[in-house]
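S.K.: Next come a sequence and a model predicted from it.
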Amino acid sequence: MEVQAKVLTREGNEVTMEMTAAAADLERQLAVTTKRIAKEVSIPGFRPGKVPAKLVENYVGEEALLQEALDDMLQEIYGAALDQTEIFPVDQPHIDVQNLKRGEDVKLTARVTVKPEVKLGQYKGIEVAKEVYVPTEEDIDAEIKRMQERIARTIDLPEGSAIEDGDTAVIDFEGFLDGVAFEGGKGEKYPLTIGSHTFIPGFEEQLVGVKSGEEAEVKVTFPEKYNSEELAGKDAVFKVKVHEVRRRDLPPVDDDFVKDMREDCDTVAELREKLREELNEKAEQMALDVAQNKVLEQAVANAELDVPAIMIDNKLDHMLEDFESQLQYQGITLERFFQLTNSTRAEWKSKQRDRAEEAVKQDLVLEAIVKAEDIQADEADIDKQMQEIADSYGKTLQEIKNTFSSNEQLRFFEYNVKMLKAIEFLNTNAVIK
């Protein structure tokens, strides 16, 4: 198809361009569109698909037929125009027809929001401080506690044992508002782990010290934002019966424990020293990661760009999709999450909007650095990224290549490689003290 395109105006992030398609291309498309419509219409005396072109035109009307043909060829015209003008739309275009007549060139204008122009500031030699956290003895103790938890067993304590923080209490409970039991406030033989923050704030803390076999009254105030309007902000009393108290029985930390848990240590002293080294390495890496994030943040702060709202909205949609996927791994639907948190999609997006805007800005600045530094992604770079995906899914490189073989998918990999290289370029040229 022969298409001519040119940018007429650019005001901020809105571009208006002119698109022209040859009259001969319109005529060819009319023939194709007419055949398609002939298969769809039912005219007495003619079998489907056998209606003469002239009758189809008379039946549909020339104006409607021309519009149908334009609709069929519009995507190709628009795609060719984007290639010629090298603009990058971030929203659907608004297209106006300037001329659509048989025997004449098709003339259209398109108004579309595009990626903003980025004026880079300083992005080489950015100085940031690296703040390394020094692990304490308490951090080492916490690591050992986690090791104990991994092999701990749960034991039932004798009747009369008092509940401690971290214990699991098996309870009956019933909630009352002004002495009247309310719906949904009752449970039997419920295993509640103290400190899990499963119940209303203040509930679990009041059970500490209560003994198995005893009854207790727990007074709480429901949060102002609660998923039940009848309970939100109300004072309530729960009558609780403690049936059992279960406790995690942690193994003693001795040399035998160490040998069971680690192959590279024989004594508790060796374990503590090894954990200290590992925590120091993690702290060093974390400090480096934070510093490198600050380098990118500073490069964004130094740049000048005006982000279209639609780009932030699109990023928020993607972020919400990712969040929904994370919830699904936990067996929670997005709708259930909003019920539990007494919130809405709109509220979630509002809270995440600043984060989404910063993410969009970072992408745009990195793209500008890719262009400024002529950063390229060759086949070896793309293969390396595909190999990482192959390794994570237990596939071969060729299997991944077969899966992601379209030009669009390959461009996606190429884009990712370039962006990662831009981040590497920033960090290599930064001064991290």
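M.R.: Done, it's in.

S.K.: what's the spacing between the helix or strand containing residue 275 and its chain's center?
M.R.: Under DSSP states H and E, the secondary-structure element containing residue 275 is helix 268-302. Distance of helix 268-302 from its chain centroid, counting by Cα atoms, centre = their mean, to the nearest Å, is 24 Å.

S.K.: cool, and stretch 234-243?
M.R.: For stretch 234-243, the distance from its own C-alpha centre to the chain's C-alpha centre is 39 Å (Cα atoms, centre = their mean).

S.K.: Only alpha carbons, please: show it as PDB.
M.R.: Taking only C-alpha atoms (Å, rounded to 0.1, in the frame of the first residue of the first chain), the coordinates of stretch 234-243 have been written out as PDB:
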ATOM      1  CA  LYS A 234     -18.200   0.200  67.000                       C
ATOM      2  CA  ASP A 235     -17.200  -1.000  70.500                       C
ATOM      3  CA  ALA A 236     -17.700  -4.800  70.900                       C
ATOM      4  CA  VAL A 237     -17.200  -7.500  73.500                       C
ATOM      5  CA  PHE A 238     -16.200 -11.000  72.700                       C
ATOM      6  CA  LYS A 239     -16.800 -13.900  75.000                       C
ATOM      7  CA  VAL A 240     -13.900 -16.300  74.600                       C
ATOM      8  CA  LYS A 241     -13.400 -19.900  75.800                       C
ATOM      9  CA  VAL A 242      -9.800 -21.300  75.500                       C
ATOM     10  CA  HIS A 243      -9.800 -25.000  74.900                       C
END
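
S.K.: what comes up buried for the helix holding residue 275?
M.R.: Neighbour-count burial for helix 268-302, with 16 or more other Cβ atoms under 10 Å as criterion, is recorded at 271-272, 274-276, 279, 283, 287, 291-292, 294-300. C-beta here means a position set from N, CA and C on the backbone, and glycine is covered the same way.

S.K.: Then stretch 237-255?
M.R.: Taking 16+ other Cβ under 10 Å as the neighbour-count basis, stretch 237-255 is seen to contain the buried residues 238, 240, 241, 242, 244, 245, 246, 247, 251, 253.

S.K.: Throw those residues into a markdown table and include pLDDT, thanks.
M.R.: Shown next, in a markdown table, are the buried residues of stretch 237-255 (pLDDT from 0 to 100):
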| residue | pLDDT |
| --- | --- |
| 238 | 96 |
| 240 | 97 |
| 241 | 97 |
| 242 | 97 |
| 244 | 96 |
| 245 | 97 |
| 246 | 96 |
| 247 | 94 |
| 251 | 95 |
| 253 | 96 |
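
S.K.: Show me which of the residues you listed is closest to residue 307.
M.R.: residue 238 (49.5 Å; Cβ to Cβ).

S.K.: Can you tell me, leaving aside adjacent residues, what's nearest to the closest one?
M.R.: Nearest residue to residue 238, sequence neighbours excluded (Cβ to Cβ, 6 or more residues apart in numbering): residue 218, at 4.4 Å.

S.K.: re the thing from before, check which helices and strands the helix holding residue 275 sits against.
M.R.: The criterion is 3 or more Cβ pairs under 8 Å, 6 or more residues apart in numbering; DSSP states H and E, and the helices and strands that helix 268-302 contacts are strand 127-128, helix 137-151, helix 255-261, helix 345-372, helix 407-428, strand 431-432.

S.K.: what's the angle from the longest one to helix 407-428?
M.R.: Looking back up the chat, that one is helix 345-372. Counting by axes from the mean of the first three to the mean of the last three Cα atoms, to 10 degrees, helix 345-372 lies at 80 degrees to helix 407-428.

S.K.: buried stuff in helix 345-372?
M.R.: Applying a neighbour-count criterion of 16+ other Cβ under 10 Å, one finds 348-349, 352-353, 356-370 buried in helix 345-372.

S.K.: Then the third one?
M.R.: Within helix 255-261, the residues that qualify as buried are 257, 258, 261, counting by 16+ other Cβ under 10 Å.

S.K.: Not counting sequence-adjacent ones, nearest residue to the first one?
M.R.: Counting by Cβ to Cβ, 6+ apart, residue 257 lies nearest to residue 251, which is 5.5 Å off, once chain neighbours are set aside.
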